[in-house]
Structures are given as structure tokens and as C-alpha cells.
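Novice: I'll drop the sequence and a predicted model, then ask my questions.
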Amino acid sequence: MQNGRTVFEHYANGGSARGRWPIFSGTKSFWGIAALAAVHDGLFKLDDLVSDTITEWKDDLRKSRITIRQLLNQTDGIEAASRLQRASIQDRNNMAIQLPAIAEPGTAFIYGPSHIQIFSELLRRKLKGRSAIAYFEGHVSDRLGLHRLNYKKDSRGNPLPATGFELTAREWARLGELVLGNGNYHGRRIVPSALLREAFSGSQANPSYGLTFWLNQQSPTGREADMERMLDLQWQSAQWTDLCICKDAPADMVVALGSHYQRLFIIPSLKATIVRQGSEARFSDSHFLRLLLGRVQ
């Protein structure tokens, strides 16, 4: 889509515009928008200490210093804990807040579901009895016209905010329209523009990851990397400095990224949103973007 108009749409293997497809970790970016909506509502500030709300952390030397911003950019130092995604877990929130801090807050990027799961518990407590899902629906998904989402709830009704949503390409593109609208979607304000910009600021530990969105801000001088392959590395081995998704894509491009190369590329300078969904194993973000932008040498 460009300038609010669909310029190309194609579905392979008998697919259709009505078919929903898993976006995997692309789900996180929707919850990142919910976090910003909660900041706007005055529930908390991004640099508040998590331990002010999850008071069980008060006496832990590392966890007591973690901020909400660090949860959202995955630099809190908490163990990644991919096992949180198992359907058999009865209470994901309780499991998540008990995970150990394996690095000093702010010093390492450790990608996994634990951080956003802890955030959902913080949000639940801030809501004082209201559910995190109800808040998400009222402030984000309903305003985007997205319904019947799969929250992968545990036995306590806690959502799994790290993954789970299944969307059509057109539905996922609504998140791109929200970003291009500087926090507005079809005339409805969801997040103030100044607050939305917070999501597109990287951390010292990983300049290519903001608050649940991936960034291309180190283009064109950074070295290109396949972010999915980078995430397969042990966190101690991954080097996130001077990386970009595509040297030939604009530096203001932000990306919601899901496993198996599910992608929502958002390029504000081109007023463009690109959704790519698929199941094949071989795919290159950089090559795809060069083809799409007409920058193949």
C-alpha cells in the first residue's frame, strides 16, 4: 500500500484476501502499541521501575532496577524462556515474573517471550481488576477493526502477547496505516505521535530494536543481517551493533517481524506499507526490498 491505496496484492497457492495466517512474533508489536496507549492513559511511564508494581522484585539486586522500557525493548536481562509458549503452562504470568535475571539491566539484548509476558502482568496489576485483553481490545484492536483474535490464553486467562495472532494481509496492514498516520487510524487517535516515536528508538544493547519494532536506522552504513538467523544465536554471541535490515531501504523503515519471514515493513518516507506472509524457508529481507524498491544493481 502507498498513500493509502493498494498498489499490488497477490496470494499464492490458492490463497485469498480473506485467509488469515499466523504472524507469530508480529503479535508483539500490537502489544507495544497497547503499552504506549497505557502510558498515554497515565497508568505508568516508560522509565518507571517494574518493581514499583511487581513488588516481589524489590529485594533482587538486578530485577529491582529494571524499567518498563527495558521490558519492551528486551534489554531487562531476564532469561528468554521460550518454554512460556507451551500450551500446558497454567499461569504464564507467574512463571515469567519468577524467571532469573541473567544479565545486568540494559547491557544485553535477550530475545524471547518472557519480557512481554512480564509486561502483561504489570499491565494487569495497573488495571486493578480489569483484564489486559479487555484493555487491549478497547484501546487497540477494536479501534483497528480487528476482532476474534487468538490470545492463546492460559488457565488463568492471561494472554500470550509474544505470539498467536492470525491476520489477513489487509488486517496486518492496518498496523502500518496506524504508524504512517503518526498514531491515528482512519481519523481515530490511538497513540499520540510524540509517544509513538518512542517505539522507534533503539537501545544501546541493540540499536536495531525499539519498543517491539525492528529498525533500519543504521542504513545505509550498517552491515546487513538476517534478523531471524541472528536470533538463532546464543544471546551472548550475537553482536547487534552496526546492523541494518537492508542498506538500500530508507533508514526510517520499521518492521514488525514474525518467524518464518512474516513481515510488516513500514516506510514513512515513502508512505508505504508492505505485508509479506509465507511458509517457505528461504527468504531474504534485503533482496526482497531491493526488488520491491527497484534498487537491484
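Specialist: Nice, thanks for sending it over. If you're wondering where the values come from, they're calculated on a predicted model, not measured in any experiment.

Novice: can you pull out the low-pLDDT segments for the stretch 1-150 of the chain?
Specialist: Along the stretch 1-150 of the chain, segments meeting pLDDT under 70 are nowhere present.

Novice: all strands of the stretch 101-250 of the chain, in order?
Specialist: 166-167, 184-185, 188-189, 214-215, 223-224, 243-244 (DSSP state E, counting those that start in this stretch).

Novice: who wins for proximity to Leu123 among those?
Specialist: Closest to Leu123 of those is strand 188-189 (C-beta to C-beta; 20.1 Å). Every C-beta, even on glycine, is put in place using the N, C-alpha and C of the backbone.

Novice: redo the strands of the stretch 101-250 of the chain as CSV? Include mean neighbour count and mean pLDDT.
Specialist: As requested, these are exported to CSV (neighbours: other C-beta atoms under 10 Å; pLDDT from 0 to 100):
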stretch, mean neighbour count, mean pLDDT
strand 166-167, 20, 98
strand 184-185, 18, 98
strand 188-189, 13, 94
strand 214-215, 24, 98
strand 223-224, 16, 96
strand 243-244, 24, 96
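
Novice: closest one to Asp76 among those?
Specialist: In terms of C-beta to C-beta, the element of those nearest to Asp76 is strand 214-215, at 17.9 Å.

Novice: contacting residues around the closest one?
Specialist: If you take C-beta atoms under 8 Å, 6 or more residues apart in numbering as the criterion, strand 214-215 is touched by 200, 202, 207-209, 227, 245, 253-257.

Novice: what's the most distant pair in the residues you listed?
Specialist: Pro207 and Ala256, at 17.7 Å, using C-beta to C-beta across the contacts of strand 214-215.

Novice: in terms of neighbours, single out the busier of those two.
Specialist: Using other C-beta atoms under 10 Å, the more surrounded residue of Pro207 and Ala256 is Ala256, with 25 against 19.

Novice: quick check: that one touching Thr273?
Specialist: No: if you go by C-beta atoms under 8 Å, Ala256 and Thr273 don't touch, sitting 10.4 Å apart.

Novice: tell me, what's touching those two both at once?
Specialist: 264, 266.

Novice: and the helices in the stretch 51-200 of the chain?
Specialist: Applying DSSP state H, counting those that start in this stretch to the stretch 51-200 of the chain gives helices spanning 68-72, 92-97, 114-127, 132-136, 169-180, 193-196.

Novice: need the ones you listed in JSON lines (columns: distance to Ser279).
Specialist: Compiled in JSON lines, the helices of the stretch 51-200 of the chain are given as follows (distance: least, C-beta to C-beta, whole Å):
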{"stretch": "helix 68-72", "distance to Ser279": "29"}
{"stretch": "helix 92-97", "distance to Ser279": "27"}
{"stretch": "helix 114-127", "distance to Ser279": "24"}
{"stretch": "helix 132-136", "distance to Ser279": "27"}
{"stretch": "helix 169-180", "distance to Ser279": "14"}
{"stretch": "helix 193-196", "distance to Ser279": "31"}
